[in-house]
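Undergrad: build me a model from this:
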Amino acid sequence: MLEILGYAIIGLMLASWFQPLTWVKDKLKLYDIPYIGYVFYCERCIATWLTFFITWDILTAVMAGFVANVLAFVVGKMDEHWPPQ
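TA: Numbering: from 1, shown residues only. This next block holds a predicted model:
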């Protein structure tokens, strides 16, 4: 389980938290590429594919994608309510 959490966090970092990579993605305008541009900004997609290519286990990859989605949701909710009033 800890391995899946690690892959999910790495996927989340690569999609939105790692500022040098985000800066490069924005400069290259990867979001404007038709059909596949959003994949570079999707936590689930990056975590799933990264885990699949590392482990070659589809079940682990799907679980890592799900955990990355849950983490992205929780972090988004925390950002909405920070700082507390």
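
Undergrad: going forward, measure contacts and count neighbours with C-alpha atoms only.
TA: Noted.

Undergrad: per-residue confidence for residue 85?
TA: Looking at residue 85, its pLDDT is 67.

Undergrad: brain fart, residue 79
TA: So residue 79 comes in at 86 (pLDDT).

Undergrad: neighbours around it, how many?
TA: 10 (other Cα atoms under 10 Å).

Undergrad: host element of it?
TA: Assigned by DSSP states H and E, residue 79 belongs to helix 58-80.

Undergrad: any idea how far that helix is from the chain center?
TA: Remark: helix 58-80 is offset 8 Å from the chain centroid, using Cα atoms, centre = their mean, to the nearest Å.

Undergrad: quick one: contacts for the residue most central in space within the chain?
TA: Nearest to the geometric centre of the chain sits residue 43, at 2.2 Å (Cα atoms, centre = their mean). By Cα atoms under 8 Å, 6 or more residues apart in numbering, residue 43 lies in contact with 11, 12, 14, 15, 16, 65, 68, 69, 72.
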